[in-house]
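Colleague: my questions are about this predicted structure, shown below with the sequence.
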Amino acid sequence: MKRSGTADLPLHGGRVPTWLAERMTRLGTLIVEHVIASYGPSEFLTRLSDPFWFQALGCVMGMDWHSSGITTSVMGALKRGLNPRTAELGICICGGRGRHSQRTPDELRAFSSNVGLDGNALARISRLTARVDNNAIGDGFQLYLHSFALSVSGEWAVVQQGMNPASHLARRYHWHSAAVRDFTSNPHTAILGQQQGIILNLVDSQAVRARQALLDIAKAPVDAALTDFRKLTMPTHHDVRPQDVDLKRLGAVLAVAHERDLRDFASLLLVEGLGPRTLQSLALIAEVVHGAPSRFSDPARFSFAHGGKDGHPFPVPLKTYDESIGVLRRALDAVRLDHTEKLEGFRRLDQLTRAVENQRQPLADFAAAVSHERAISPSLDGRTVFDDHAPRPQKKSAPGPEQLSLF
């Protein structure tokens, strides 16, 4: 196994409101179902171990695009949505934040006893990954979240997060069983975080003599630190800015959703008549399901699917969110009846968006796109956490997409 990546995120307080948490559970589960239906459980675990894909998933689900809370909320939503359907989907999520993390070994043993895996071996892996990231790397981060995703075949991915109160940062660590072969020599696939200067890394392949010295002293195995592979560092500013987004990729999504000819064709791919705003969200969801790893270098772009609970880049459009959930659900229901055209439609939608990006290379007008989203927010039942304690604004009629220049 190997650590697959890390991410550094600004520490944020607050909570996820019920109206968003419930939708995150439904949407996150549906996205995972689409990944599994298209590529299998192993591919989902591979993606979960990629810090960039994980961040994009959280953004498309409407969480704050860069805060530490994205880790807790996404893993919590997936655990609530996937675990009741383990027999069907072949995936179980164990552990969680705080006291829930301490239950991980027992949950792993219980799951393993039902599917014929070695629960004690998996519990040992859980403890090792936590000890490596909490004790063997002197980077100042103390773990407070440990989630273990496991398939019925025994493949697994670990997502855990530590806190550094002095720097006001959280660091998320990703592990994947398919990549790790030696727990004490370069076990990580990636670490996400800001540069903290020189740190103690006892699991680096060049630290053999240092590890041996500690072994001689401690008379026990050393769970050591890690070589960085995929590292994601999120900025500290709270708002989404043009430099956080690949404007050519965003421009292609907006073109497919809002230009009449492209919009009609994109809607046809999904075999149902869809409005431009829903198509915009679905194009980004399709990329999360079908996109290659290189497509997630700017995870903030995926917040243009359903906004963010703090209002950045715009409030969460509840009507669009619910329509996205409905389209994804209907596609999976159709597959059960051997009607695969809707499921394939998402793959073709992603291909169409990339073709527009490559052939036409439209650049999004970032300010116009954000302004448009905020203008139509009342008509889409846009909501933030700040609305929970304030009078809801009256809805206004939304301008049509033809009236706006988003490129």
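Modeller: Perfect, thanks for sending it. Predicted model, so just to flag it, every value in this text is computed and none were measured.
Colleague: how about the secondary structure of His174?
Modeller: Taken by DSSP: H, G, I helix; E, B strand; the rest coil, the conformation at His174 corresponds to strand.
Colleague: would you agree it is in contact with Ala149?
Modeller: No: under the criterion of Cβ atoms under 8 Å, His174 is not in contact with Ala149, lying 10.6 Å apart. Bear in mind the C-beta positions are built from the backbone N, C-alpha and C, glycine included.
Colleague: which neighbours do those two have in common?
Modeller: Taking Cβ atoms under 8 Å, 6 or more residues apart in numbering as the contact rule, His174 and Ala149 both touch Leu48, Ala157, Val158, Val159.
Colleague: could you find the closest non-adjacent residue to the last one?
Modeller: Beyond its immediate neighbours in the sequence, the residue positioned closest to Val159 (Cβ to Cβ, 6 or more residues apart in numbering) is Ser147, lying 4.8 Å away.
Colleague: just the first one next, same as before
Modeller: In space, not counting the residues next to it along the chain, Leu48 is nearest to Ala157; the distance is 4.5 Å by Cβ to Cβ, 6+ apart.
Colleague: against Thr129, how distant is the one you found?
Modeller: Noted for Ala157: a distance of 10 Å to Thr129, by Cβ to Cβ, to the nearest Å.
Colleague: and if you look at Arg263?
Modeller: From Arg263 across to Thr129, the span is 45 Å (Cβ to Cβ).
Colleague: who has more neighbours, the two?
Modeller: Thr129 (27 against 19; other Cβ atoms under 10 Å).
Colleague: quick one: the more buried one and Trp156 touch, right?
Modeller: No: judged on Cβ under 8 Å, Thr129 makes no contact with Trp156 at a distance of 9.5 Å.
Colleague: how many residues are close by Arg329?
Modeller: Counted with other Cβ under 10 Å, residues neighbouring Arg329 total 15.
Colleague: leaving out chain neighbours, which residue sits closest to it?
Modeller: Leu30 (6.2 Å).
Colleague: which secondary structure element contains that neighbour?
Modeller: Element membership for Leu30 (DSSP states H and E) is helix 18-39.
Colleague: and that helix, what does it pack against?
Modeller: Judged by 3 or more Cβ pairs under 8 Å, 6 or more residues apart in numbering; DSSP states H and E, the packing partners of helix 18-39 are helix 41-48, helix 51-60, helix 69-82, helix 86-89, helix 276-290, helix 318-336, helix 341-359.
Colleague: sheet partners, orientation included, of the helix or strand that comes right after the shortest one?
Modeller: Once the chain leaves helix 86-89, the next helix or strand it forms, by DSSP H and E, is strand 91-97. When pairs are called by DSSP bridges, strand 91-97 turns out to pair with strand 142-151 (antiparallel).
Colleague: the helix or strand just after the partner strand - what's its average pLDDT?
Modeller: Note on strand 142-151: by DSSP H and E, the next helix or strand toward the C-terminus is strand 156-164. The average pLDDT for strand 156-164 rounds to 95.
Colleague: against which helices or strands is strand 156-164 packed?
Modeller: Applying 3+ Cβ pairs under 8 Å, 6+ apart, one finds that strand 156-164 contacts helix 41-48, helix 69-82, helix 119-131, strand 142-151, strand 169-176.
Colleague: in its sheet, what does it sit against?
Modeller: Strand 156-164 is paired, per DSSP bridges, with strand 142-151 (antiparallel), strand 169-176 (antiparallel).
Colleague: nearest to His238, out of the ones you listed?
Modeller: His238 lies closest, by Cβ to Cβ, to one member of the strands paired with strand 156-164: strand 169-176, at 14.4 Å.
Colleague: start and end of stretch 360-371, how far apart?
Modeller: End-to-end distance for stretch 360-371: 24 Å, by Cα to Cα, to the nearest Å.
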